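Q: A predicted structure for the sequence below; I have some questions about it.
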Amino acid sequence: MVDRKSPDSATQRAIHRKRRAPPGAAPGTLVADPTAFQPAIDVIAYGPDSFEEIEIGNVEELVPMLGKHAVTWINVVGLGDLDLIRRLGEIFDLHGLALEDVVNLHQRPKLEEYAEHAFIVTRMVPDGSSSPAIEQVSMFLGKDFLLTFQERPGDCFEPVRSRLRSSRGQIRSRMADYLAYALLDAVIDGYFPLLEALGERLEVLEDRVIDWPADMKASEIHAVKRELLLLRRAIWPQREMINALTREALPYVSEQTRLYLRDCYDHTIQLMDIVETYREIATGLVDLYLSSVSTRLNEIMKVLTIIATIFIPLGFVAGIYGMNFDRGASPWNMPELAWYWGYPVVMGLMAALALAMLYYFYAKGWILRRGRTRSER
Amino acid sequence: MVDRKSPDSATQRAIHRKRRAPPGAAPGTLVADPTAFQPAIDVIAYGPDSFEEIEIGNVEELVPMLGKHAVTWINVVGLGDLDLIRRLGEIFDLHGLALEDVVNLHQRPKLEEYAEHAFIVTRMVPDGSSSPAIEQVSMFLGKDFLLTFQERPGDCFEPVRSRLRSSRGQIRSRMADYLAYALLDAVIDGYFPLLEALGERLEVLEDRVIDWPADMKASEIHAVKRELLLLRRAIWPQREMINALTREALPYVSEQTRLYLRDCYDHTIQLMDIVETYREIATGLVDLYLSSVSTRLNEIMKVLTIIATIFIPLGFVAGIYGMNFDRGASPWNMPELAWYWGYPVVMGLMAALALAMLYYFYAKGWILRRGRTRSER
Amino acid sequence: MVDRKSPDSATQRAIHRKRRAPPGAAPGTLVADPTAFQPAIDVIAYGPDSFEEIEIGNVEELVPMLGKHAVTWINVVGLGDLDLIRRLGEIFDLHGLALEDVVNLHQRPKLEEYAEHAFIVTRMVPDGSSSPAIEQVSMFLGKDFLLTFQERPGDCFEPVRSRLRSSRGQIRSRMADYLAYALLDAVIDGYFPLLEALGERLEVLEDRVIDWPADMKASEIHAVKRELLLLRRAIWPQREMINALTREALPYVSEQTRLYLRDCYDHTIQLMDIVETYREIATGLVDLYLSSVSTRLNEIMKVLTIIATIFIPLGFVAGIYGMNFDRGASPWNMPELAWYWGYPVVMGLMAALALAMLYYFYAKGWILRRGRTRSER
Amino acid sequence: MVDRKSPDSATQRAIHRKRRAPPGAAPGTLVADPTAFQPAIDVIAYGPDSFEEIEIGNVEELVPMLGKHAVTWINVVGLGDLDLIRRLGEIFDLHGLALEDVVNLHQRPKLEEYAEHAFIVTRMVPDGSSSPAIEQVSMFLGKDFLLTFQERPGDCFEPVRSRLRSSRGQIRSRMADYLAYALLDAVIDGYFPLLEALGERLEVLEDRVIDWPADMKASEIHAVKRELLLLRRAIWPQREMINALTREALPYVSEQTRLYLRDCYDHTIQLMDIVETYREIATGLVDLYLSSVSTRLNEIMKVLTIIATIFIPLGFVAGIYGMNFDRGASPWNMPELAWYWGYPVVMGLMAALALAMLYYFYAKGWILRRGRTRSER
Amino acid sequence: MVDRKSPDSATQRAIHRKRRAPPGAAPGTLVADPTAFQPAIDVIAYGPDSFEEIEIGNVEELVPMLGKHAVTWINVVGLGDLDLIRRLGEIFDLHGLALEDVVNLHQRPKLEEYAEHAFIVTRMVPDGSSSPAIEQVSMFLGKDFLLTFQERPGDCFEPVRSRLRSSRGQIRSRMADYLAYALLDAVIDGYFPLLEALGERLEVLEDRVIDWPADMKASEIHAVKRELLLLRRAIWPQREMINALTREALPYVSEQTRLYLRDCYDHTIQLMDIVETYREIATGLVDLYLSSVSTRLNEIMKVLTIIATIFIPLGFVAGIYGMNFDRGASPWNMPELAWYWGYPVVMGLMAALALAMLYYFYAKGWILRRGRTRSER
């Protein structure tokens, strides 16, 4: 099982988190995860002219707050208290299947439409994370409320909160649908730094493959491909989800917000576009790496072959004149050894042999020919 | 033919089970399979306030039971008695083509709509099985009955039965469509442990490819890819089938159950998503394995080349001075042998040659250069 | 051109049969194929209570028979007599383009709808053929007749004929559309044994690649892939054709027969499914084969490198002490040769060198390390 | 730029012909191509009972001829005279963009519908050409005229002309739409001989890869793949174009001609089908070639390894006893040399070493094992 | 970050430009880019009979000009002054999201429809650039105005400006939609020279791979593939964008201009077609390169194997007769050395051995067999 305390290293590898509910369990069964964070509830309620932000300890404190402002955003951080989640389900009249999906952290991003609210699942890169340790965020979007669940403290919503607090932009004068858009936009934008980092890693790898392949391992390219695969798996359904938000005639999503969601949808398309481009480049890199390895093998073998091909025959010639045939026993036994010019002739023969071999390799283009100018060809 | 007694080992390999009906046979022909299990019939009949569970020996005992409770679930385990199956066809007015598909165990999961009932084929991982020994389950879903056929004892429906017995959840207060959903959900959930096991095998293989490629065989990756292929083939049509169930306006599938089926459909999409991700990772592993093999070959050849390139020329030099030219016959015949510093000079020459070679390899980056720091580049 | 007398060996290779009509010929031109069989005409006419089967020699004998029974099935075996085909075109009012397609044996399976009849082209595996020597069958389906053309004697329709003769099943009480379905079903079912044989070949190849790759050739896998490619090309359009039959509102195809055609369509999907699975397995096998070849090359090179790396330096040492420097000329000339322990020390040195090399290879994991247990890692 | 005088060799390579109009030029600009042929105009005018064929020198001679017969086919051969083309544009009221496309010879096949005529671009294999030197043919199809432009003399329309002259078939009794069909059909049929030639080249390459890979170059397969790629690029849009002709409700294309166009469409699908099959076979061939190269490398290395592994250790042993240790200086200095059985024992030792190595290679299956029968396994 | 001053070298590599707005910023936030050019505003206003072209320094000078002529084209070169862009947004009533996209230079080409204008993003190859340093061009198309933004001086619009100035073609008599078409057409046409250059590089690479693979690096093919990938990413969405322009019923795009846009759309399809063809050729080149490397390795190894296999055994034989066994100690110690024909026999033996090896290699086809004629096979 994935150790959720150190997500950056652990979930980077995990492709698939274990489901907690046993196969065949009744639908809507919430199963406790002993490692889950104990929840904290942050409530931000606001209208064009009002703003209130409190952290509540008990879920019952929430009930009187609802409806007092134009929009109430309840953010639950940590999924460790199933009673709290069930109680929220009662307060906002949420479907059991949706609550089950909040707790089971293996959902694909999706939009589910219920009578009184929309259920949105998305996957967020926690702020400052440099690995694709993607965290599930669940949202229930109603007419005047937005209920969000995240797995643990640390998110990418701080800029939205500060816009709410300082009433920057138009966010305070809009309804809950615009808040949901603002959060989704922050989620989507949070993928860009991750992709930029991957892009830089790819370019460094590319340079290294071209310059110095022995220095690197194919597994480094494999690691980047794998992260791109996981990112793609996280982003692809977001695109569908936001597209569904744009198209479906949800009663509490205004026409104006739809325009913003279209912009957000453009960003997911950009993300997918970059991911696909990176994937193709990474695939090209694997090919390039294999070519480099093969080319270097060729070079290694060329060196071996040149040396061996020159010196093995020479060694053989030397070996012949190292034989101990008894020159006294026969005039045919190695008379060369006693010739006046015997040694110089043999040495010259060897040199000629070596030069012939070198010329052969030169003619084959194995040596010295590399830097030929175009005109020679 | 596949030995159906030991499915875990046999069907793991089998891509395609033999069809029993000869080509050109009349449609609806039921052909006996001598290795099929003799059927046992389990009946569970229930309503919101009633529950009855019996195992019946003779199919005629079934007739008086029908209609007594809100829902009757007849589960036939084993397909060895064609008469029984034909009689059930008569009792529930089933189409001959559907009955033929019950007996021919090579069906793709599908939904077929008939006037009075729907015919559903799905493929189940028997409980506790660790191999994709996937078993065909056929269901006839009517207004107040569900008739299911499975190949042999052992299924993944036990949690559903226990929910029925203990009246846990809402299952007893719903109709047969909800029961069918509960069974399909159990079937789909049954694939997750299998996929988790494959995911773990993949991660182990990944580590091994990176750490120690000589230790492993490409056929291990091939085996995982093959199982993923079979799983994909089993899951892909389930997705279509459940989607069809969600969309088709079947008279006896209520709007509420459709909501649950949509959740079940989400799970099949998750399954496909994981299978596809695993397949891509496995494909990446094959590339990585090939790269590793090539890289290791490079290393092996480097060792050979360095040793051979250093020692073959040295051996040649030694060979020269092992020649037996008759120094007495000519002053040109190997006078070096009698020089005062002859031997030390030759030894020094050899050492210089070896050092020159080593420097050449160092300059090429074949030796010692591996751990260069970034700043050196 | 393909020798049509020995289809099993010849057409197995042929991807594309030559068209007989020259480019630019008028549409509807029937061109004689000198190697085509002389036609024989088998007529089976039947109704619920009547049955007649004759072989007629002259096409004019056919005219009085039409309409006497509920259904008349005219099966023309051999396409060597263009006049006969033209006369049949007149009798049944067939379009010239359709007749051209009957004679040109390179058609893809298709359905063409004409006012009074449907023109169906399909491709059949002749009974008992073990190679994909696929033969074109053309059908004209009218209200009360079915006119079929096949290339040569030998087909897969015998079980249908015997069902007609013995009035087994419901075939005699149905119209021509059901007969067409029965023939198409026989055609589709005829592909299963071929695929099973290919599946077995694939499994044998798989075992061989894993066990003993030197024993096999990549061309064997290539041959299977090629046959799968040809099968896929034959089956894929059949699927479309049968699907078109199911959907198009042809006046003489009853609703009931459509149900049977849906079953037949399921079978083509199964066929495609198996073909695609086999293709993926074959592709995986090619990868596995390449991995095996590379791995074996690694092993070969390891043996060479170990032997050469140990013995080449040793040989060099031996070479040094084989030099003939004149020890009398100088005290520096190879004094070792006269040392008391000279020979044993050199031998020990060599042994130490060899052991050092062996340890180096052991440390690199090239020797003896293969069977490490998990705990060692 | 492509030398258009020798299209067979030049355009075979050229993937993309240079556009003549500079970027940003006003739409409808006709730019002269200095290498274009000077046009000749062939006019064939006919009706069911009349036929006239003349070659006119001046375009003004054309005006009085129009409307005199049921159909007038004006075929312009050569695009070197822009004034003529502009004048034809005025006579037939052609759109400037269409005229631009006539002159720019890089158009994809397409159908453009204008108020009074359809503009068809297709790509033709000139008759007798054995390379994919594909030539652009532009057609303007009106109610009673067909205006065609081809790049240079030599086309595949001769059979159509001869059918017109001899009034063979129904062509004279039909309108201009049927003539356009007849020309398109001739164009499409012209691709079949080219594909057959490619198929034969592929089969020859396949045999050569299997039999004798050293004899061939990968670039031969690459060349076939490249031609298939160019063919596919030429054929694919023809399919769309003819399909558009079949579907679009063009006022001057009769229902009857549509039936013929459907047949022509079938032929383009057949072409694509063959091209795709060939492409897959060619891709398989590349894999097979690579496997063959690897397998042969394995064999080469096996020979080297066997020889080196046997003789290098033997050479070392011989080297030892070639050392010149002074046996007089010590009883430990190579006493073996003076043993009575010294030499035979060493020779025997060497033989034993060689046999041990041979047995090792035999046990590894590197020698003699290749032709094992099945039963041995 | 990309240095925008030298786009040709820098952006050639950059796959993804950094986004300037921080994640979570309010939508519509314009963020200054310190490296952006200070804007210059060129205004061209014209009607059928009037023409005015000025460069204005202050955006307020623009207001009185609007509406004076039929069409006003305001071209803003440089995006360094956000106040100016905001003021233009007010003057033309532009949406904040669109203005944000003008400044963020990572947009995919797209069409966004607003009430009073259309927002078009396209990507242009600056004139004369030989690298895919693609620059973003944003356009707001209204009824009587066209507002364009480009990143820096230098564009591909000069031919359009000169047609406007000289009133060449119909451009002055048309509305703003035709001007937008003319600019888009210039943008699209600007890709052709780039693609032609890539095509030529591909052909040179192809020749080099076939002729002289050692001369080249796989990274050169990789570089072309990468540029094609970036081009594809730039062109693909242009196609969609222009298609949307053609289909959407924009109130200020006339039917006539739609006809021209259809032509422009054809050009983007041609571009994509060429890009895809080039990509396939490049992929084929990678395969071919790998084949060549493997084949050359085979050749290198053959040379090594032939030389080593011939000379290592010979060297061993010579080594044997270099052993110093004491012939005086035993008659069995190397009696061959004293034989009368000893030396010639050994030399003959060696020659025989070498010839046998050579014949073996000849029989294997490793030497001399290459140029076999067809008839020999």
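A: That came through, no problem. Numbers count the residues shown, from 1 in each chain, chains lettered A, B, ... in the order given.

Q: A strand includes residue A:237, no?
A: No: under DSSP: H, G, I helix; E, B strand; the rest coil, residue A:237 falls outside any strand and is assigned helix.

Q: who are the neighbours in contact with it?
A: A:108-110 (Cβ atoms under 8 Å, 6 or more residues apart in numbering or on different chains). Where you see a C-beta, it was placed from the backbone N, CA and C, and this is true even at glycine.

Q: With residue A:148 instead?
A: The neighbours of residue A:148, taking Cβ under 8 Å, 6+ apart as the test, are A:73-76, A:137-140, A:183.

Q: can you map out the helices along the stretch 1-150 of chain A?
A: For the stretch 1-150 of chain A, the helices defined by DSSP state H, counting those that start in this stretch cover A:7-13, A:62-65, A:82-92, A:96-103.

Q: Out of these, which is the most enclosed?
A: Greatest average neighbour count among those goes to helix A:96-103 (a mean of 21), per mean count of other Cβ atoms under 10 Å in any protein chain shown.

Q: Give me the average confidence score over that one.
A: Average pLDDT, helix A:96-103: 88.

Q: and the angle from that helix to helix A:82-92?
A: Relative orientation of helix A:96-103 versus helix A:82-92 (axes from the mean of the first three to the mean of the last three Cα atoms, to 10 degrees): 140 degrees.

Q: Look at the residue nearest to residue A:111 when sequence neighbours are not counted and report its pLDDT.
A: Once its chain neighbours are removed from consideration, residue A:111 has its nearest residue in residue A:244; the separation is 4.4 Å (Cβ to Cβ, 6 or more residues apart in numbering or on different chains). The confidence metric pLDDT takes the value 88 at residue A:244.

Q: Please tell me I have it right and residue A:244 contacts residue A:112.
A: No: with contact defined as Cβ atoms under 8 Å, residue A:244 and residue A:112 do not form a contacting pair (9.4 Å).

Q: and those two? which has more neighbours close in?
A: Comparing residue A:244 with residue A:112 by other Cβ atoms under 10 Å in any protein chain shown, the one with more neighbours is residue A:112, at 20 against 17.

Q: so residue A:167 makes contact with residue A:47?
A: No: using Cβ under 8 Å, residue A:167 is not in contact with residue A:47, being 10.7 Å away.

Q: those strands in chain A, which residues are they?
A: A:40-46, A:51-56, A:71-77, A:110-113, A:118-124, A:135-141, A:145-150 (DSSP state E).

Q: Write out the residues of the stretch 251-377 of chain A neighbouring chain D.
A: Within the stretch 251-377 of chain A, the residues that sit near chain D (Cβ under 8 Å from any Cβ of the partner chain) are residue A:322.

Q: what residue ranges in the stretch 251-377 of chain A score low on pLDDT?
A: Along the stretch 251-377 of chain A, the parts satisfying pLDDT under 70 run over A:368-377.

Q: what ranges do the helices span in it?
A: Under DSSP H, counting those that start in this stretch, the stretch 251-377 of chain A gives helices at A:255-320, A:342-364.

Q: Just say which of the ones you listed is most tucked in.
A: Comparing those on average neighbours, where mean count of other Cβ under 10 Å defines a contact, helix A:255-320 leads with a mean of 21.

Q: Can you tell me which helices and strands it packs against?
A: If you count contacts as 3 or more Cβ pairs under 8 Å, 6 or more residues apart in numbering or on different chains; DSSP states H and E, helix A:255-320 packs onto helix A:176-189, helix A:191-211, helix A:218-247, helix A:342-364, helix B:255-320, helix E:96-103, helix E:218-247, helix E:255-320.

Q: For residue C:290, find the nearest of the ones you listed.
A: When the helices and strands packed on helix A:255-320 are compared by Cβ to Cβ, helix B:255-320 sits nearest residue C:290, at 7.2 Å.

Q: and the angle for that closest one with helix B:176-189?
A: Orientation note: helix B:255-320 sits at an angle of 10 degrees relative to helix B:176-189 (the same axes, to 10 degrees).

Q: Taking chain A, what residue is nearest to chain D?
A: Residue of chain A nearest chain D, by Cβ to the nearest Cβ: residue A:322 (6.8 Å).

Q: Let's see the pLDDT reported for residue A:22.
A: According to the model, residue A:22 scores 68 on pLDDT.

Q: So which residue is dead centre in chain A?
A: Among the residues of chain A, the smallest C-alpha distance to the mean C-alpha position (Cα atoms, centre = their mean) belongs to residue A:227, namely 2.3 Å.

Q: domain assignment for chain A?
A: The record's domain split for chain A, according to automatic domain parsing, is A:19-290, A:321-370.

Q: just the ones you listed: most buried one?
A: Using mean count of other Cβ under 10 Å, the stretch among these with the greatest mean number of neighbours is domain A:19-290 (a mean of 19).

Q: How far off centre is it?
A: Centre-to-centre, domain A:19-290 and its host chain are 17 Å apart (Cα atoms, centre = their mean, to the nearest Å).

Q: Roughly how far does the closest residue to residue A:341 other than its chain neighbours sit from residue D:301?
A: In space, not counting the residues next to it along the chain, residue A:341 is nearest to residue B:332; the distance is 6.4 Å by Cβ to Cβ, 6+ apart. Here the criterion is Cβ to Cβ, to the nearest Å. By it, residue B:332 lies 43 Å from residue D:301.

Q: Could you do residue A:199 as well?
A: 41 Å.

Q: for residue A:38, same thing?
A: Noted for residue A:38: a distance of 64 Å to residue D:301, by Cβ to Cβ.

Q: can you check residue A:272 too?
A: Between residue A:272 and residue D:301 the distance is 46 Å, computed by Cβ to Cβ.

Q: just residue A:240 next, same as before
A: Taken as Cβ to Cβ, the span from residue A:240 to residue D:301 is 53 Å.

Q: got it, and residue A:80?
A: Going from residue A:80 to residue D:301 by Cβ to Cβ gives 62 Å.

Q: Then residue A:211?
A: Look at residue A:211 and residue D:301: by Cβ to Cβ, they are 30 Å apart.

Q: again, but for residue A:160
A: According to Cβ to Cβ, residue A:160 stands 64 Å off from residue D:301.

Q: next one: residue A:116
A: Using Cβ to Cβ, one gets 73 Å for the distance from residue A:116 to residue D:301.

Q: got it, and residue A:168?
A: Here the distance between residue A:168 and residue D:301 works out to 71 Å (Cβ to Cβ).

Q: Over to residue A:220?
A: From residue A:220 to residue D:301 the distance is 29 Å (Cβ to Cβ).

Q: can you check residue A:82 too?
A: 65 Å.

Q: swap in residue A:354?
A: 26 Å.

Q: same thing with residue A:209?
A: Between residue A:209 and residue D:301 the distance is 27 Å, computed by Cβ to Cβ.

Q: Quick check: nearest residue in space to the residue in the stretch 251-377 of chain A that chain B sits nearest to, chain neighbours excluded?
A: Chain B sits closest to residue A:318 of the stretch 251-377 of chain A, with a gap of 3.3 Å, by Cβ to the nearest Cβ. Closest residue to residue A:318 in three dimensions, ignoring its sequence neighbours and counting by Cβ to Cβ, 6+ apart: residue B:319, at 3.3 Å.

Q: Is the one you found in contact with residue A:311, as I believe?
A: No: with contact defined as Cβ under 8 Å, residue B:319 does not count as touching residue A:311 (9.4 Å).

Q: Please report the distance of the residue nearest to residue A:111 from residue A:251.
A: On the measure of Cβ to Cβ, residue A:244 and residue A:251 end up 15 Å apart.

Q: go on, residue A:367?
A: Relative to residue A:251, residue A:367 is positioned 79 Å away (Cβ to Cβ).

Q: same deal with residue A:315?
A: 92 Å.

Q: again with residue A:151
A: As judged by Cβ to Cβ, residue A:151 and residue A:251 stand 30 Å apart.

Q: what's the answer for residue A:147, then?
A: Separation of residue A:147 from residue A:251 (Cβ to Cβ): 17 Å.

Q: ok, and of the contacts of residue A:237, which contact chain B?
A: Among the contacts of residue A:237, the ones lying close to chain B by the criterion of Cβ under 8 Å from any Cβ are A:108, A:110.

Q: Thank you, goodbye.
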